[in-house]
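A.B. asks: sequence first, then the predicted structure, then my questions.
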Amino acid sequence: MTESNKSRVVFALLAGSLRPVFNIFLKKQWQGAENLPKDPGFIVCPNHVTEIDPVVVGHFLYNQGRSPHFLAKASLFKVPVLGPALSATNQVPVERITTGAAGSLDAAREALAAGRTLVIYPEGTLTRDPDLWPMKGRTGAARLALQTGVPVIPIAHWGAQEAFPRYAKFPKLFPRKRVRLVVGKPVDLSEFAGLPVSKAVLDAATERIMSDLTDMVSKLRGAQPPTERWNPVARGQRQVGRSFENGAGGSGTSTKSIQPEAGQ
């Protein structure tokens, strides 16, 4: 069996197991699927409010005939059962902010060149914003988009956090929750095309992605976002892990998809 066929088989098995559970406990409302590019190889940038977000986004993409490939924390590939599943479905291992981050971006570029749908959480982890608004983004998605020329598709969703609150130990499955998801049009990064991929360009392109995503979340929620985007670094918070919740200095344990900051 070829690697591609093996991946499709594993995706089908996982979808067959998870979709019925998802449908029992969560009502879904999806909009904007027509905004997904017809050509293969593009970046999806969703907001990130709870640990089950990858299931929500992955379910939607798979139902549209797009196998999702997430940037996943490299250590997860060593976890029994989960690790082999991640490898078998060609998920992309990501190192934290280390010398290995550059290699992670290389792997992401290879995935895009192979025509895969690459899901990158531009915030790099669950939002630290107390009201769950998109926070300051990190630049990996913008860097990949500018280097490869592939489109960036924002996806906003809301409601999954009611079923599984951020960093909760147990889900809240009843009453049945509704998850709304909207696909936006490609983020317009044309003004950055051909420019040197400098820090200033990456920051501006990242802010464009986060601005489009925040506008979509605002419409879903029917509320206005804060005037200033939450910045964990400026507030003395850790960029990854759970310890920011209580001010502890430990490293925390994170199982979320993260994003490399290679080249900064």
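C.D. replies: Noted; the coordinates are in hand. Numbering: from 1, shown residues only.

A.B. asks: could you look up the SS state of G236?
C.D. replies: Secondary structure for G236, judged by DSSP: H, G, I helix; E, B strand; the rest coil, is coil.

A.B. asks: pLDDT weak spots in the stretch 1-150 of the chain?
C.D. replies: Of all residues in the stretch 1-150 of the chain, those with pLDDT under 70 make up the ranges 1-6, 96-103.

A.B. asks: how about the strands in it?
C.D. replies: Along the stretch 1-150 of the chain, the stretches classed as strands by DSSP state E, counting those that start in this stretch are 26-31, 42-46, 68-73, 92-94, 117-119.

A.B. asks: got the contact list for the nearest residue to G115 once chain neighbours are set aside?
C.D. replies: Distances taken as CB to CB, 6 or more residues apart in numbering put P40 closest to G115, at 3.2 Å, once the chain neighbours are dropped. C-beta here means a position set from N, CA and C on the backbone, and glycine is covered the same way. With contacts defined as CB atoms under 8 Å, 6 or more residues apart in numbering, P40 is in contact with G115, R116, T117.

A.B. asks: was I right to think the second one contacts H69?
C.D. replies: Think R116. Yes - contact criterion CB atoms under 8 Å: R116 and H69 qualify, at 4.6 Å.

A.B. asks: can you give me phi and psi for P165?
C.D. replies: The phi/psi pair for P165 (degrees, to the nearest 10) reads phi -60, psi 150.

A.B. asks: so it makes contact with E51?
C.D. replies: No - in this structure P165 lies outside contact range of E51 using CB under 8 Å: 9.5 Å.

A.B. asks: R116 and H69: who's more crowded?
C.D. replies: The residue with more neighbours, out of R116 and H69, is H69; 24 against 21, by other CB atoms under 10 Å.

A.B. asks: measure that one to G115 for me?
C.D. replies: H69 is 10 Å from G115, where distance means CB to CB, to the nearest Å.

A.B. asks: check P175 too.
C.D. replies: Look at P175 and G115: by CB to CB, they are 41 Å apart.

A.B. asks: higher neighbour count, these two?
C.D. replies: Taking other CB under 10 Å, P175 and G115 do not tie; G115 has more neighbours (11 against 7).

A.B. asks: any figure for the gap between the more buried one and F25?
C.D. replies: G115 is 33 Å from F25, where distance means CB to CB.

A.B. asks: same check, this time on M210
C.D. replies: 30 Å.

A.B. asks: the two: which is more packed in?
C.D. replies: M210 (24 against 16).

A.B. asks: can you tell me the closest non-neighbouring residue to the more buried one?
C.D. replies: Leaving out its chain neighbours, M210 is closest to G137 (CB to CB, 6+ apart), at 4.3 Å.

A.B. asks: show me what contacts that neighbour?
C.D. replies: Applying CB under 8 Å, 6+ apart, one finds that G137 lies in contact with P122, E123, G124, T206, E207, I209, M210.

A.B. asks: what residue, apart from its backbone neighbours, is nearest V197 spatially?
C.D. replies: Distances taken as CB to CB, 6+ apart place L146 nearest to V197, at 5.5 Å, with adjacent residues excluded.
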